[in-house]
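S.K.: fold the following.
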Amino acid sequence: MASDVNIIPVYDIFMKYNYIVPIYQRNYAWEEKQIEQLIEDIDGAIGHGKESYFLGNLIVNQTDNNLYEVIDGQQRLTTLYLLERFLGLPFSKDALKFEAREKYARTLASMGNESTGNDLLEELTAKEITKGFQIISDYFSNKKLDKNEFVTKLKKVFLIRVQVPQNIDLNHYFEIMNTRGEQLELHEIAKAKLLEVLSNNDEKKVAAEIWEKCSDMNSYVQMNFDVSVRKHLFTNNWTSLQNTLQDFDTIKDKIISDEENSEKKTLQDILIGNKLLNLNDPSKSNDMENERFESTISFPNFLLQVNAVVRELEEEDSSLDDKNFLDSLSWAWSTTEKAKEFLYYLLKCRVLFDKYILKREFARDYKELGKWSLQRLEKYTDKNSDKPKYVATFGDEEGINKQLRTLQSALRITYTSPKTMHWITLLLTELLKNESINLICLLEGYCKKKVSDSDYRNRSGFGIERIVFSYLDYLLYRDGYSLDGNELISPLRDDWQFQFRSSIEHFYPQNPDATEVWDSATLNCFGNLALITVSGNSKFSNMPPEGKIQYNDIINQSLKLKIMQAMTNGDTWTKIKAEKHQQEMFMILEK
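M.R.: Numbering: from 1, shown residues only. Modelled structure (predicted):
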């Protein structure tokens, strides 16, 4: 899963390389505030002893020699293009292109050193591009910035260009970038404040160890501890915390006791122990195992989840918003006892999180693309060596485990921002009270309320919330579906999983090439819509339904769309069919 990383000088980024913004990316949208902030960052970063400045990341997918498809960072990249056009820097031919957007191509091509494209007719220009250029021009004029001096500074500014791995699922990559908000500095501050209020070195040492082991979110937390500590903290099969560990002090006593016993060992014991440790502890000997899983959230986001669970905050509270990170956690370092309470629940919740919250797994046939995984860690012994194995959390990969995994993935691809993942808070809160709780009933109830609150019957088009589409597909997956007496979708179908999809597709297109244009109400009704990936939506474009049904790889992204395909096959997709389909899907949602 490794990516290629290059440091690229901003000054010549458009002289040596060409970039293309794919059609499924949104248009240029930066306003005055963001544009001026970028200029100020560059202008103020160089000088006063600072000889270089890192501007941020540019995520790309190389499609040809010196041609890069922009995956993330296109707003900043486009602004840099306009800025360097204004400064009069040299460009390679086709330095920046927007796929299938003629207005953008025309406007970018018309830009000279001082021109904003006003020589073109207004209806032929991309107004957001010309507006951005004008904001830059006005800012330099109002602030009386020297162009030559700014160009000199630009030579000391760099981007980190990251090439995504080959064969990666770009839709998944989009979601990961959109949901990973690493607050590294803030969570290190939180750690320091927690340790500061603890009473002695033993407490601080154990607190730091709990924090460190929990911070690695992409492996099961048990495997982050040394094998000797693991034996003291977890049950014999490694699956859960020992029942005797009811607070921070009992955990501290176990860890400190293990360290004291280690200090009493002879040199021979230590040498033998280290040898056995390397043999018996896969976390020390198998680096590939640490790249097998990918957590749903980052560690800073997990800290906010634990905070919400411990304080029993309501969903409407902004507790998962990292803008208030330190304020939200500040109660935890107000006293020694509260710091201990938070650290205990940090480890307790982390064990439950790994056991009951789905991950992405990259192994065997899914090593490149990954698949949804709901597994618990379990110990097994092979030739006198203890090793981890990953088994279905509920004992059987079929039935309950498969259903819960699919239900969680429906929520995961719907609520992509960590600050909206309140379903995780709900699960952790209830699991702390009772691990035997029916998680499927709990989450289905959560989804039903979300669907009901969305007022979907009175919504249309892009106003219909994504949870309505996702939960409907889950119900179709759970119960199956028959059309005209023939089973079209079998219950708990083996080969179907939710994909990262966020684009509402009009099955009968909004701008058809055919002569008939549907009225707005029918065109935007739920019966004519499905949720698919942005790339799938781009591929469908204005194609008629009869053409779309040939693309099974896209159709299979949505079970609802699969029904629409079957209703169209050998016939045409009509308004009557769309309305009939809508009423039937509403009945399934309300059953």
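S.K.: what's the domain layout of the protein?
M.R.: What automatic domain parsing lists as the domains of the chain is 4-166, 184-441, 454-590.
S.K.: give me the spatial nearest neighbour of F540, chain neighbours excluded.
M.R.: The spatially closest residue to F540, leaving aside those adjacent along the chain, is K548, at 5.4 Å (C-beta to C-beta, 6 or more residues apart in numbering). Every C-beta, even on glycine, is put in place using the N, C-alpha and C of the backbone.
S.K.: backbone phi and psi for the one you found, please?
M.R.: With angles defined as degrees, to the nearest 10, K548 sits at phi -60, psi -30.
S.K.: ok, back up a step: now the domains of the chain in TSV, with mean neighbour count and distance to K448?
M.R.: Formatted as TSV, the domains of the chain follow (neighbours: other C-beta atoms under 10 Å; distance: least, C-beta to C-beta, whole Å):
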stretch	mean neighbour count	distance to K448
domain 4-166	16	32
domain 184-441	17	10
domain 454-590	17	8
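S.K.: strands of the stretch 51-200 of the chain, start to end?
M.R.: Assigned by DSSP state E, counting those that start in this stretch, the stretch 51-200 of the chain shows strands spanning 53-64, 67-72, 96-98, 157-163.
S.K.: with distance to S295 and mean pLDDT as added columns, please give the ones you listed in JSON lines.
M.R.: Conversion of the strands of the stretch 51-200 of the chain to JSON lines gives the following (distance: least, C-beta to C-beta, whole Å; pLDDT from 0 to 100):
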{"stretch": "strand 53-64", "distance to S295": "20", "mean pLDDT": "87"}
{"stretch": "strand 67-72", "distance to S295": "20", "mean pLDDT": "90"}
{"stretch": "strand 96-98", "distance to S295": "34", "mean pLDDT": "92"}
{"stretch": "strand 157-163", "distance to S295": "20", "mean pLDDT": "89"}
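S.K.: which one of these lies nearest to F498?
M.R.: strand 67-72 (21.2 Å; C-beta to C-beta).
S.K.: paired strands for the closest one, with orientation please.
M.R.: strand 18-21 (parallel), strand 53-64 (antiparallel) (DSSP bridges).
S.K.: okay if I get those as TSV plus distance to G463?
M.R.: Converted to TSV, those look like this (distance: least, C-beta to C-beta, whole Å):
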stretch	distance to G463
strand 18-21	27
strand 53-64	31
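S.K.: out of those strands, flag the one nearest P90.
M.R.: Across these, closest to P90 is strand 18-21 (C-beta to C-beta), at 13.7 Å.
S.K.: for the closest one, the averaged confidence score.
M.R.: Here strand 18-21 scores 93 as its mean pLDDT.
S.K.: stretch 327-345 now?
M.R.: 95.
S.K.: straight-line length of that stretch, end to end?
M.R.: Length of stretch 327-345, first residue to last, C-alpha to C-alpha, to the nearest Å: 19 Å.
S.K.: hang on, the earlier thing: to D4, which of the strands paired with strand 67-72 lies closest?
M.R.: strand 53-64 (8.4 Å).
S.K.: please name the nearest non-neighbouring residue to K93.
M.R.: Closest to K93 by C-beta to C-beta, 6+ apart is N18, at 7.8 Å.
S.K.: just so I know, which of the domains of the chain lies nearest C447?
M.R.: Among these, if distance is taken as C-beta to C-beta, the winner is domain 454-590, at 4.6 Å.
S.K.: quick check: the residue nearest to F540 touching I555?
M.R.: Yes - the pair K548 and I555 qualifies as a contact (C-beta atoms under 8 Å) at a distance of 7.4 Å.
S.K.: report the helix or strand with the lowest average pLDDT across the protein.
M.R.: helix 282-285 (a mean of 44; mean pLDDT, DSSP states H and E).
S.K.: centre of the chain to the following helix or strand past that helix, how far?
M.R.: Counting by DSSP states H and E, the next helix or strand C-terminal to helix 282-285 is strand 293-294. Distance, stretch centre to chain centre, for strand 293-294: 12 Å (C-alpha atoms, centre = their mean, to the nearest Å).
S.K.: so which residues make contact with strand 293-294?
M.R.: 176, 218-220, 359-362, 370, 373 (C-beta atoms under 8 Å, 6 or more residues apart in numbering).
S.K.: how about residues contacting the helix or strand following that strand?
M.R.: Sequence-wise, the next helix or strand downstream of strand 293-294 (DSSP H and E) is helix 299-311. Applying C-beta under 8 Å, 6+ apart, the external contacts of helix 299-311 come out as 181-184, 186-187, 190, 214-217, 295, 297, 313, 317, 319-322, 325, 328-329, 331-332, 341-342, 345-346, 349-350, 353, 418, 421, 424-425, 428-429, 432.
S.K.: that older thread, list residues touching both of K548 and I555?
M.R.: With contacts taken as C-beta under 8 Å, 6+ apart, K548 and I555 have Q565 as neighbours in common.
S.K.: can you give me the end-to-end distance of stretch 238-257?
M.R.: 19 Å.
S.K.: got it, and stretch 16-30?
M.R.: 25 Å.
S.K.: please state the offset of that stretch from the chain centre?
M.R.: That offset, for stretch 16-30, works out to 21 Å (C-alpha atoms, centre = their mean).
S.K.: switch to numbering from 708
M.R.: Let's use 708 as the start, then, which means that last one is stretch 723-737.
S.K.: show residues contacting it.
M.R.: 715, 767, 770, 773-777, 781-782, 784-786, 799-808, 811, 833, 835-836, 839, 1210, 1241-1242, 1244-1245.
S.K.: ok now the lengthiest helix in the chain, how far from the chain's centre?
M.R.: Ranked by residue count under DSSP state H, the longest helix found in the chain is helix 1043-1063. Distance, stretch centre to chain centre, for helix 1043-1063: 23 Å (C-alpha atoms, centre = their mean).
S.K.: do stretch 897-907 as well
M.R.: The answer for stretch 897-907 is 31 Å, by C-alpha atoms, centre = their mean.
S.K.: what's the average pLDDT for it?
M.R.: pLDDT averaged over stretch 897-907 gives 90.
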